[in-house]
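In: Any chance you can model this:
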Amino acid sequence: HRLVAESVAMASGASQVPAVLRWAGKVVERIGGQAERGMAAEAELVRVETGVRELRQLTGHSPAIFVIWEQDISRPMHYVSDTIRILGYQPEDFTSGRISYGSTIHPGDRKRVERELALFTREHRARFSQEYRLLSKDGQVHWMDCRSWTIMGDTGEIVAYQGLLLDVTARKQVELLCREKEEMLTHALDSIGDGIRIVDGNCTVLYVNQGVETWFGPAETLLGKPCSGRKREGECSVCPAHKAVESGRPEQGERQLEYQGQTLTLGFFAYPMFDPQGKVCGVVEHLRDVGNRRLREEDLRRAHANV
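Out: Numbers count the residues shown, from 1 in each chain. Have a look, this model is predicted:
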């Protein structure tokens, strides 16, 4: 103001000073506003750069892999954290397009992952989870649990995804081992010919093998139901499973069953199971057709009587 006022005063007289001052004030105000906006933009840039550094530090100390990618997994990725190195890759492999993320997905999972992404995009899901296999640079298979969130544009369209990938290979290996052991045990129990039934502490059926299904019907009609099928008055009091829960000792009994036009005599042998505190938590029942044994016992008694 002072410099402009002095210059104008010397050039055209003091009468022009007020008008020039008003003009100069507007110019200075505009310049000052631009400077303030520039300072605000610079501060925002510093804040963003600080956030990026913190994100890199966070992801660098985490076993998770953080990624940002477009809807098309064959295109270069926007961001890949340094932890991608646990798979033998460099972040630049994906951000430069030298390697596509889709090419690292196991061939057996790739089509499914693409279908699911297309479905989630059509449905505008804000977040979703997927499990699939990734191939490391040396060809090793890693099971990944991918948690994803959408990045929305100004008009509400999906412009990208951000995801957090966790290597769950160890968990999947344990699950596979447990599944194999379960299948082996199921096959063994189905092969013995007798019935095996497991109930909880309330005598609700938890498991049946094929032998039980043969006599009492499909598993889906038995699981989650009382072991007696229909609770009749006084039936539980003589049920071996119920008695084993109450006594904590092995119990046994017999029951007549109509099966394919014949009357079978089934023997029920109940063995209690205990939790770590020593409380009965369930019962394993062994069911066997004892009718032939009863006939043999009757024949033996007759033979002794004749002697």
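In: When you work out contacts or count neighbours from here on, use the C-alpha atoms and nothing else.
Out: Noted.
In: Could you list the low-confidence segments of the protein?
Out: The chain contains residues with pLDDT under 70 at 1-38, 40-41, 44-62, 228-237, 292-307.
In: now the helices: where do they sit in the stretch 1-150 of the chain?
Out: 2-12, 17-60, 91-95, 101-104, 107-122 (DSSP state H, counting those that start in this stretch).
In: mind listing the helices for the stretch 201-307 of the chain?
Out: Assigned by DSSP H, counting those that start in this stretch, the helices in the stretch 201-307 of the chain fall at 210-216, 235-238, 240-247, 291-306.
In: buried residues in the first one?
Out: Counting neighbours by 16 or more other C-alpha atoms under 10 Å, one finds that the buried residues in helix 210-216 are Gln210, Gly211, Val212, Glu213, Trp215.
In: got a list of contacts for that helix?
Out: Asp190, Gly193, Asp194, Gly195, Ile196, Arg197, Ala219, Leu222, Tyr259, Leu287 (C-alpha atoms under 8 Å, 6 or more residues apart in numbering).
In: Now, of those, which are buried?
Out: Members of the contacts of helix 210-216 classed as buried by 16+ other C-alpha under 10 Å are Asp190, Gly193, Asp194, Gly195, Ile196, Arg197, Ala219, Leu222, Leu287.
In: ok, the fourth one touching Val284?
Out: This means Gly195. No. Here Gly195 does not reach Val284: they are 10.5 Å apart, not a contact under C-alpha atoms under 8 Å.
In: Now Thr83: closest residue in space, sequence neighbours ignored.
Out: Ile65 (5.4 Å; C-alpha to C-alpha, 6 or more residues apart in numbering).
In: Including distance to Lys137, could the contacts of helix 210-216 go into a markdown table?
Out: Formatted as a markdown table, these follow (distance: C-alpha to C-alpha, whole Å):
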| residue | distance to Lys137 |
| --- | --- |
| Asp190 | 44 |
| Gly193 | 50 |
| Asp194 | 51 |
| Gly195 | 51 |
| Ile196 | 48 |
| Arg197 | 48 |
| Ala219 | 46 |
| Leu222 | 49 |
| Tyr259 | 61 |
| Leu287 | 54 |
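In: right, and out of the residues you listed, which lies closest to Glu114?
Out: Glu114 has its nearest neighbour among the contacts of helix 210-216 in Ala219, at 36.2 Å by C-alpha to C-alpha.
In: how far away is that closest one from Gly108?
Out: The spacing between Ala219 and Gly108, counted by C-alpha to C-alpha, to the nearest Å, is 32 Å.
In: What of Glu116?
Out: Taking C-alpha to C-alpha, one finds Glu116 at 14 Å from Gly108.
In: Looking only at neighbour counts, state which of these two leads.
Out: The neighbour count for Glu116 versus Gly108, taken as other C-alpha atoms under 10 Å, is higher for Glu116 (15 against 10).
In: what residues are up against that one?
Out: Neighbours of Glu116 in contact, by C-alpha under 8 Å, 6+ apart: none.
In: Repeat the analysis, applying 10 Å as the threshold.
Out: Arg110, Arg122, Phe128, Ser129, Gln130 (C-alpha atoms under 10 Å, 6 or more residues apart in numbering).
In: separation between it and Val280?
Out: Glu116 is 45 Å from Val280, by C-alpha to C-alpha.
In: if we can go back for a sec, could the buried ones among the contacts of helix 210-216 be laid out in JSON lines, adding distance to Pro250?
Out: Below are the buried ones among the contacts of helix 210-216 laid out as JSON lines (distance: C-alpha to C-alpha, whole Å):
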{"residue": "Asp190", "distance to Pro250": "22"}
{"residue": "Gly193", "distance to Pro250": "21"}
{"residue": "Asp194", "distance to Pro250": "18"}
{"residue": "Gly195", "distance to Pro250": "17"}
{"residue": "Ile196", "distance to Pro250": "15"}
{"residue": "Arg197", "distance to Pro250": "14"}
{"residue": "Ala219", "distance to Pro250": "25"}
{"residue": "Leu222", "distance to Pro250": "23"}
{"residue": "Leu287", "distance to Pro250": "14"}
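In: The residue nearest to Thr83 contacts Tyr89, correct?
Out: No. Contact criterion C-alpha atoms under 10 Å: Ile65 and Tyr89 do not qualify, at 11.6 Å.
In: Overlap in contacts, these two.
Out: With C-alpha under 10 Å, 6+ apart as the test, Ile65 and Tyr89 both reach Asp82, Thr83.
In: For the two, indicate the residue with more neighbours.
Out: Ile65 (22 against 16).
In: Please name the bridge partners of the more buried one.
Out: Leu165 (DSSP bridges).
In: show me the contacts for it.
Out: 59, 80-87, 144, 146, 163-167.
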